[in-house]
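> Would you be able to build a 3D model of this:
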Amino acid sequence: MSSRSITSLIFVSTAKPGMNQDDFLAIMSVTLRNSERFGLTGLLVCNGFNFMQYIEGERSSVRDRMYYIGQDDRHSGVTILYQQESESRQFANIYFAGRHFPSIQGCAQSDLPKILADVSMPEMARTLFRSFGSLGLQPSG
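Residues are numbered from 1 along each chain as shown. Below you'll find the predicted structure:
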């Protein structure tokens, strides 16, 4: 791999009990700011109880952000599910989706299938996000 390779990883964590829309807005704001500052892209999803994030960028930026993400007391139990090195990014920007926070601009659960269809992430990663997006949904019928 060249020194310009892209590190991608997916992690899950448990949201701090009592997290509300204002808390999630603050997380989104920090994520956007840090993404621009450190050249990161990806997807942040919240189902009201857990987070799942696909984060990608230069290895050192991803490693540094993961250190700070792990120290954030707004969630716990950060577990890396997937990590890969590649020559290109799967995401052009940072995207957000959150089922329990539909009134937040850019944070609609209905956006998740469209986001997943528009990016060329590995199928295993796409499956993880589809599964995560369905957690807590009531079966129809």
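> buried sites along stretch 65-77?
R65, M66, I69, H75 (16 or more other CB atoms under 10 Å). From N, CA and C alone the C-beta is placed, and that goes for glycine too.
> Sitting in helices, which of those residues do you find?
R65, M66, I69 (DSSP state H).
> Surely the last one touches F11?
Translated: I69. Yes - the criterion here is CB atoms under 8 Å, and I69 meets it with F11 at 7.5 Å.
> any residues in contact with both of the two?
Common contacts of I69 and F11 (CB atoms under 8 Å, 6 or more residues apart in numbering): Q53, V78.
> looking at this protein, which helix or strand does the model trust least?
Least confident helix or strand, the chain: strand 94-98 with a mean of 73, by mean pLDDT, DSSP states H and E.
> ok, the residue lying closest to T79 once chain neighbours are set aside to I69 distance?
Leaving aside its chain neighbours, T79 sits nearest to V12 (5.4 Å; criterion: CB to CB, 6 or more residues apart in numbering). Relative to I69, V12 is positioned 12 Å away (CB to CB, to the nearest Å).
> Overlap in contacts, those two.
Any residue near both V12 and I69 by CB under 8 Å, 6+ apart counts here, and that gives V78.
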